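Student: Give the three-dimensional model of this entry:
(2 chains)
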Amino acid sequence: MSKNIKLMQGNEAIAEGALIAGCDFFAGYPITPSSEVAEILSNKLPKIGKVFLQMEDEIAALGAVLGAALGGAKAITASSGPGISLKLEHIGYASMCEIPCVIINVMRGGPSTGLPTLPAQSDIMQARWGTHGDHAIIAITPSGVNESLYETIRAFNLAVKYRTPVMILTDEIIGHMREKVVIPDKNEVEIIDVKLPDVPPEKYNPYNFTSGKVTPLAPMGEGYRYHVTGLIHGETGFPSQKTDVIQNAENWLIDKIYKNIKDIEKFEEFQTGDADILIVAYGSTSRSARQAITMARAAGIKAGMFRPITIWPFPEEQISKLSKRIKKILVPEMNMGQVILEVQRNACGAEIYGLNIVNGEPITPDQIYAKIKEVSEL
Amino acid sequence: MIKTKFNYDYYLRKNTLPHIWCPGCGDGIILKALLRAIHKCGYPKDEVVITSGIGCASRLPGYVDFNTIHTTHGRALTFAIGIKMYKPKLKVITISGDGDALAIGGNHFIHAARRNIDMTLIVFNNYTYGMTGGQYSPTQPLDSYSTTTPFGNIESPFDVCNLAQAAGATWVGRSTSYHAVQLEKFMVNALNHTGFSVLDVITNCHISYGRRNKMKSPVDMVKYQKEKAIAARSAENMSAEELAGRFKTGVLFEKTDKPEFSSEYYKKLESIKTK
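Tutor: Below you'll find the model as predicted:
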């Protein structure tokens, strides 16, 4: 059978990936540079009998997504910059109430209105810590169009499996770039579906904080009547102020992600085997880094790359391991230094350098190569 | 249709009681009217979804045995729209206070009305942010006092019903927690209406609002509801002076020929399929 290959844009690949994953609900609000995700799904979802909604604002869009997800939908929203700032309220609600959903952030320059049509990678820390209160989150940074499609499918799977919001962080470059995509058949990829609980309604608790297993979220309207609240709640779903319940609930929100990090993590290593300099790069910047490494190797500098694909939870163990062997680390990113903070926390004894360019232009291979050379001579 | 005899216990989650509302609060009367109305309409419990925002009124869903979602401040309608559009067979009801529905949630309120989506919004309108200690709300009458209008309110209040009608809601009514029998009847009407129905229920918060406005006891506030309510029909022949400080009750607006959003959406899907 011939492969189904198409040339498409990053935002289009996300929409395609969502459809392959079984997405049946989108709600959004127009914002550059993510609008194509909405435009494409506004055309495709109705054709397969599913729901597309353009809501009155960003907050409403994620509210509708969460309402639909409580009904059992595989639901997604897409936004950028100021839109994500508005969505933070409901990202917290999704975390607290353990409602699966996928949130696309096509990153643009900030703060505030910033650079609507130009790329940045400045929402990495916002993705992790943006909403108030202790919580964990899964965030994924694809580096190209093909990967955007497959990682969107994985995002839906992780959202359902761990009952959590999952963010995809691309940027204006990937969102609007056109590349070859190999579109998989549905039976070629793993798809995790929303299921009814395996206990009858009278025995169903919507939460379980202590067994280590994620309780399935029963779709509302199927006989499992339960309560959902953004207040701290016990396993029955009703609010509680008992100290042990509060502590268990908080622990669970973190543990269910971090204790399953082996299942959630994903990364790529490129020429790290003999490397003297390690580049830690993600998303579109990793593309320039790959080229810069080839340039460096041609000039006799042994550089290699560690590329987190799952950026949250952060691949602490891998960074720690690599830093024991490679003593110089360079972190190029289109922000003033965000992932470098995580690298510093986890790389013991290594010299760590940043390359932070936030002028609205992609970081080029030349810029990274120049920095590699500079670092190698230090 | 449920033909069984009405019984509060069947609808209450008794293990979540007592409720958080203060003694004398009107919210319990509205809760009871709602349960009787739902019973009269005959909706199976599994098919009813109740969403709410934040505030005293919004605690209601926790006490009743349906599919219940206590959401974020002002956003209950957005969750309601999501689940209604995804599962249009469900009966969706939203409970909101005046601050929740009209201040922080004002945008969602007018857009739900504009869409004319088939659901019922019940506004527990007590003129105040009771849970946070009695700050002034967007429905608080002019010249009245609150913890944040210590010198009297100079902001014009919203009229929930006028706003709902202007924004496109197709069933609009008002009652009070004093008029419990009428309240139940209007709830049945609102629930049975196809389209976006808004029921403004004037209720009493003697603790946060009343005691700063010479209505210290629940009795004072119930008297206020009784005396200030004027049936819409009677109000027709009254002058502006006579109506000053009073509010109209009744079914204030009803329209049955405006397309309803969720059914229009699924109709559109059918037409796409057949093309």
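
Student: so the residue positioned nearest the centre of chain B is in which element?
Tutor: Closest to where the C-alpha atoms of chain B average out (Cα atoms, centre = their mean) is B:Ile122, at 1.7 Å. Assigned by DSSP states H and E, B:Ile122 belongs to strand B:119-125.

Student: Report pLDDT for A:Lys186.
Tutor: On pLDDT, A:Lys186 comes in at 85.

Student: wait, isn't it in contact with A:Ala21?
Tutor: No - A:Lys186 is not in contact with A:Ala21 according to Cβ atoms under 8 Å; the separation is 9.2 Å. No exception for glycine: its C-beta is placed from N, CA and C like everyone else's.

Student: related to what we said a few turns ago, could I get the contacting residues of the residue nearest to the centre of chain B?
Tutor: B:30, B:34, B:93-96, B:187, B:190, B:199, B:201 (Cβ atoms under 8 Å, 6 or more residues apart in numbering or on different chains).

Student: The longest strand along chain A - contacts with which helices or strands?
Tutor: The longest strand of chain A (DSSP state E) is strand A:101-109. Contacts defined by 3 or more Cβ pairs under 8 Å, 6 or more residues apart in numbering or on different chains; DSSP states H and E place strand A:101-109 against helix A:10-20, helix A:58-70, strand A:75-79, helix A:81-97, strand A:115-119, helix A:145-162, strand A:165-171, helix A:172-176.

Student: got the angle for it vs strand A:165-171?
Tutor: 30 degrees (axes from the mean of the first three to the mean of the last three Cα atoms, to 10 degrees).

Student: so what strands line up beside strand A:101-109?
Tutor: strand A:75-79 (parallel), strand A:115-119 (antiparallel), strand A:165-171 (parallel) (DSSP bridges).

Student: Return the residues of the stretch 151-300 of chain A in contact with chain B.
Tutor: When proximity is defined by Cβ under 8 Å from any Cβ of the partner chain, the stretch 151-300 of chain A lies next to chain B at A:220-223, A:225-231, A:238-239.

Student: Next, count neighbours for residue 187.
Tutor: Here I'm looking at chain A. 7 (other Cβ atoms under 10 Å in any protein chain shown).

Student: Correction: the question concerned chain B.
Tutor: Count around B:Met187 with other Cβ under 10 Å applied: 27.

Student: just to revisit the earlier point, could I get the CA-only coordinates of the strand holding B:Ile122 as CSV?
Tutor: Only the C-alpha atoms of strand B:119-125 are listed here, as CSV (Å, rounded to 0.1, in the frame of the first residue of the first chain):
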residue,chain,number,x,y,z
MET,B,119,-31.1,25.8,28.3
THR,B,120,-32.4,27.6,31.4
LEU,B,121,-30.5,30.1,33.4
ILE,B,122,-31.8,30.8,36.8
VAL,B,123,-30.3,34.0,38.3
PHE,B,124,-30.4,34.1,42.1
ASN,B,125,-30.6,37.9,42.3
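
Student: Now do whichever helix or strand comes after it: everything it contacts.
Tutor: The helix or strand immediately downstream of strand B:119-125 is strand B:128-129, counting by DSSP H and E. With contact meaning Cβ under 8 Å, 6+ apart, strand B:128-129 is reached by B:55, B:97-99, B:134-137, B:140, B:146, B:205, B:208-209.

Student: Tell me the most packed of those residues, by neighbour count.
Tutor: B:Gly97 (32 neighbours).

Student: Would you mind confirming that that one makes contact with B:Arg59?
Tutor: No - B:Gly97 is beyond contact range of B:Arg59, at 10.1 Å (criterion: Cβ under 8 Å).

Student: gap between the residue of the stretch 251-378 of chain A found nearest chain B and A:Tyr207?
Tutor: Distance from chain B to each residue of the stretch 251-378 of chain A (Cβ to the nearest Cβ) is smallest for A:Leu253, at 17.0 Å. Distance, A:Leu253 to A:Tyr207, by Cβ to Cβ, to the nearest Å: 10 Å.

Student: any weak-confidence spans in the chain?
Tutor: All of this is about chain A. A:1-2 (pLDDT under 70).

Student: my bad, chain B
Tutor: B:1-3, B:274-275.
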